[in-house]
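A.B. asks: what follows is a predicted protein model with its sequence.
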Amino acid sequence: MAGPGSTVPDTMLLQRELAASQPDTARVRRLTALCYVLHDEHPARARTYGEQAVALARRLPARQRAPLLLNSLLHLASCYANLSNGPQALRLIGEAEGLARRLRHADGLARAAAAQGSIFHERGDSITAWQHYRRALQLAEQPDVQPRTRMKLLGNVATLLFFRKQHARALQYDSLALELARSSHDAVAESHYLASLGTYHLQLNQLPEAERLLTRALAISRREGARRVMASQLELLGLYYIATGQTGRTHAVTLEALQLARACGFQERVLDAYSILSAEAAERQEYRLAYEWGQRYQALHDSLNSRQTMQALAATQASYESQERLRHIRELTQQHELELLRSRLLGGLAAVLLAGLLAVGYLYRKLQRSQAALASSHAALEDASQELRGVAVFKDKLYAIVAHDLRGPVTAFAGVTGLIDSYIRQNNQAELARLPAIVRQAADSLNRLLDNVLNWAVSQTGELACRPEALPVADLLAECQQLYLTTAEAGQQRLTVASPPGLCLLADHNMVRTILRNLVGNALKFTPAGGHVHLEAAPDPADPHMVLVSCTDTGTGMSAATVAALMSGPDVPEPVAVPSAAGLGLGLALCRAFVHRHGGTLVIQSRPGAGTNVTVSLPAAG
C-alpha cells in the first residue's frame, strides 16, 4: 500500500495555508495533501490529517462531497495500511470503491482495486491479491485512469508475479512501471522500481546486475530523503552481501536499515532486519547473537499478528450492541436444543434401521459441535462483559475530569462570598456596589465553562480525540485571566498575562483551555495573599515550530520529590472517591496528557518557599 510517491507540496507550506481562512473545499484538499505527503515517512501524523479531511468532506454539500471524499478515503487507507491496520484500511477502501462506482470514476475504481490487492498480498493471500489486481488491470485500460495509478499498479503486479515465480512477466511489468516513473520525473518511484528489478536479478542469481541496480536505486532514494524506501533497499543490499559472502557489509547496511525503519514506524522492515541480522550472525557462527536477533524477530512477529487479530476482533465487536449479543446467545442455545432433539430422532431411526454403530458415531460428533458452539457463545458473553466493564471505568475517569475542570469557577463563586464578608466588615459601600457586576461576571464564566466542558465530555465518549486548529494565543490568555480575576481578587493576589501580538497555536481549543485553567488554578491555590501569578507565552527560541506557555507564581513551592511524583504519574489518572483539599495532581496530570497529545512537553521548576514555574510547549500555527 505504501508505494513510491511523486513530488508533492512542501509540508510547511501546506500547514501555513491550512492555518489561513479558506473555504471548506480548499481545506479538505490541503488536509488530504498533507496526509499524502506524510503517509510514507510519518504515517501516524498523516493519519490525523487524513481523518480530519474525511470528517470535513463528509459535511460538504452533496454536489461537492463525493470527489473530495473519494480521494481522502484512499489516502487515509494508505496511512492505516502503513500502520499495519489492514482491516481498517480495507473498510475505508470499500467505502471509496462504492463512491467511485456511483461516480463512474475509473481512476478511483482502479486505485481501490490496486490498494486491496496490495493489502492482501502483504497478508500472504496471493490468490485474493491477484483477483483484485486483475480487476485493476482491466480498469487501467480506460483513458481517464491517471499514469500514476497505472505506474503503482504495474509495480505491485510485478511484485506479485515474481512471488508466484513468473519471473519473465514480473520483469516486463516492472520495466513498464520504471518507464512511467521516469517519464513523469518521479525520482522516488524510479528508485523503487530499480530496486524491484535488482531484487528479481538477485533472486535469479544474476549478482553483478543486481548490485548495479540496487546501488543506483539507493543513491536516488538517499538524494530524495525517502527513508522508508531506503530501509527496504538497504535490506536488499544486505541480502546481496550475504549471497556474495560479504558478511561484514551485511551487518552495517542492515543496522542502518533497522534505524531508518524504526524512525518511520515501518514495522515490517524492522521485522525483516531482525531476520537478516540473525542469519548474518549465524553465518559468522555467533550463535548467541543470532539467537538474540531471532528472539527479537519472534517477539515483533507475534506482536504484529496479535495486533492485527485484536483490530479485526474490535472492528467486529463494535458493530453489535450488548442486547444483540445476548439475543445471538439465546438463538445459539435454541439451536443447540434443536440439534439435541434431531440427534435423538436420528438415534431412534438408526436403531430402527439396525445401524446403531453409525448412529452413535454421528450423535457423538453432533454433540461435540454443540458443546463447541456453546463454549464459543460463553466466551463471547465474557468478552462483552469485559468490554462493558472497560466502558464503565472510562466513564468514571471522564466524570473525574469534568468535576476537576468545574472546580476553578466554583471556587470563583466562593471568592465572591469572601469579598462580601470583607466589604461588610469594612463598611465599604463602593466595593459592595461592584459586587453584582462581579457575580454576573463569575456566573457568565461558569456558564461558558459548563458549555465547553460538557460539549468536550460528549465528544470524548469514544476517545480523547485531538482536533487541532489555529488559535490566537492572546485571546486564550485573556479568556483565562478573565475567568480567574474574581478568585485572584478574593485572595488579594495579582494575576497578569503577556503574549506577543500575532502569536498563534495549532492545537485543540478545549484541551488548551483545560491546560491554561489548570496551570492558573493550581498557581492561585498555592499562592498566599499579596502574591503574584504571571501567565506568559512566547515562541520557543530552540524550535521555531513550537510556542512556550509558562505560568509563574510566588507561592509556597514544591520539593523535588513532589515534582518527581507529579511528573511520573499516568497521563489520565485513576479517579478517586474523595479528593483531598490540596489536590492529588489530577490537574497537572491532565495538562501533561494533553500536552503530550499535541507532541509537546511539560516542565516543572520549583523549590520550597521560592514559588513554582510550569512551562509547556505546544505547536505553533504556520
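C.D. replies: Yes, it's here. Numbers count the residues shown, from 1 in each chain.
A.B. asks: now the helices for the stretch 451-600 of the chain?
C.D. replies: 473-490, 509-525, 560-567, 586-597 (DSSP state H, counting those that start in this stretch).
A.B. asks: okay, the ones you listed in JSON lines with distance to Leu14 next?
C.D. replies: No exception for glycine: its C-beta is placed from N, CA and C like everyone else's. Output for those, formatted as JSON lines (distance: least, Cβ to Cβ, whole Å):
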{"stretch": "helix 473-490", "distance to Leu14": "22"}
{"stretch": "helix 509-525", "distance to Leu14": "21"}
{"stretch": "helix 560-567", "distance to Leu14": "35"}
{"stretch": "helix 586-597", "distance to Leu14": "21"}
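A.B. asks: mean neighbour count, those: which tops it?
C.D. replies: Ranked by mean neighbour count under mean count of other Cβ atoms under 10 Å, the helices of the stretch 451-600 of the chain are led by helix 509-525, which reaches a mean of 23.
A.B. asks: average pLDDT across it?
C.D. replies: Helix 509-525 shows a mean pLDDT of 89.
A.B. asks: what of stretch 555-574?
C.D. replies: Averaging pLDDT along stretch 555-574 yields 76.
A.B. asks: doesn't Ser78 fall inside a helix?
C.D. replies: Yes: counting by DSSP: H, G, I helix; E, B strand; the rest coil, one finds Ser78 located in a helix.
A.B. asks: wait, what's in contact with the closest residue to it other than its chain neighbours?
C.D. replies: If you skip the residues right next to it in sequence, Ser78 has His39 as its closest partner in space, 4.8 Å away by Cβ to Cβ, 6 or more residues apart in numbering. Residues near His39 by Cβ atoms under 8 Å, 6 or more residues apart in numbering: 2, 46, 50, 75, 78-79, 82.
A.B. asks: phi, psi for His39 please.
C.D. replies: Reported as degrees, to the nearest 10, the phi and psi values for His39 are phi -70, psi -20.
A.B. asks: among the helices of the stretch 451-600 of the chain, which is nearest His121?
C.D. replies: Taking Cβ to Cβ, helix 586-597 is the member of these nearest to His121, at 34.6 Å.
A.B. asks: mind giving me the packing neighbours of the closest one?
C.D. replies: Contacting helix 586-597 under the criterion 3 or more Cβ pairs under 8 Å, 6 or more residues apart in numbering; DSSP states H and E are the following elements: helix 356-426, helix 509-525, helix 560-567, strand 602-606, strand 612-619.
A.B. asks: pairing partners for the fourth one, with directions?
C.D. replies: Yep, that's strand 602-606 we're talking about. strand 612-619 (antiparallel) (DSSP bridges).
A.B. asks: okay, the contacts of His39 in CSV with pLDDT and distance to Pro23 next?
C.D. replies: Formatted as CSV, the entries for those read as follows, by pLDDT from 0 to 100; distance: Cβ to Cβ, whole Å:
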residue, pLDDT, distance to Pro23
Ala2, 41, 31
Ala46, 87, 23
Gly50, 90, 19
His75, 88, 20
Ser78, 87, 25
Cys79, 88, 25
Asn82, 81, 30
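A.B. asks: of the residues you listed, buried ones?
C.D. replies: The neighbour-count test (16 or more other Cβ atoms under 10 Å) marks 2, 46, 50, 75, 78-79, 82 as buried among the contacts of His39.
A.B. asks: just flag the most distant two among these.
C.D. replies: Looking at the buried ones among the contacts of His39 by Cβ to Cβ, the two members farthest from one another are Ala2 and Gly50, with 13.6 Å of separation.
A.B. asks: quick one on the thing from earlier: among the helices of the stretch 451-600 of the chain, which is nearest Ala257?
C.D. replies: Between Ala257 and the helices of the stretch 451-600 of the chain, the shortest separation by Cβ to Cβ is 29.2 Å, and it involves helix 586-597.
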